[in-house]
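Visitor: Quick one: sequence and predicted model below, then my questions.
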Amino acid sequence: MVIIAAVVLLGILGALLLLPRKRKSGHVEKVQSNSSTQGSKTYTKADVALHNKRTDCWIIIKDKVYDVTSYVEEHPGGDAILTNAGGNSTEGFFGPQHATRVFDMIEDFYVGDLKQ
């Protein structure tokens, strides 16, 4: 009886490890529904400049706009993320301090393109 229970328990644990994990990112769903139904939103530099606080932080990276407000407190570099809040963070983003995973992560925060 104990052996059967152990086999069942191991089977359940094995199945849980194989199931795909959901990524937490409310921004991704918003962007996907926005881009598929309405196209990409555009913002001016003045629009982005209004979002320059810890509680409302947008940045520009290579002419794309990102709302990183929800990431500010998690940023491993502390308040360095706020250095260019409301402005262009391209140079800092591509600095040597960032691991390559940030290039995938940043897309979770995309809200639109910079108007030229």
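Guide: Nice, thanks for sending it over.
Visitor: residues in contact with residue 50?
Guide: 56, 86 (Cβ atoms under 8 Å, 6 or more residues apart in numbering). (Each C-beta comes from the backbone N, C-alpha and C, glycine too.)
Visitor: what are the phi and psi angles of it?
Guide: Per-residue torsions, residue 50: phi -70, psi -20 (degrees, to the nearest 10).
Visitor: what separates it from residue 92, distance-wise?
Guide: 20 Å (Cβ to Cβ, to the nearest Å).
Visitor: C-terminal to the lowest-mean-pLDDT helix or strand in the chain, what's the next element?
Guide: Counting by mean pLDDT, DSSP states H and E, the chain has its least confident helix or strand at helix 26-37, which shows a mean of 36. Remark: after helix 26-37, the chain's next helix or strand is strand 42-43, criterion DSSP states H and E.
Visitor: what about the helix or strand following that next one, average pLDDT?
Guide: For strand 42-43, the succeeding helix or strand toward the C-terminus, using DSSP H and E, is helix 45-49. When pLDDT is averaged over helix 45-49, the result is 97.
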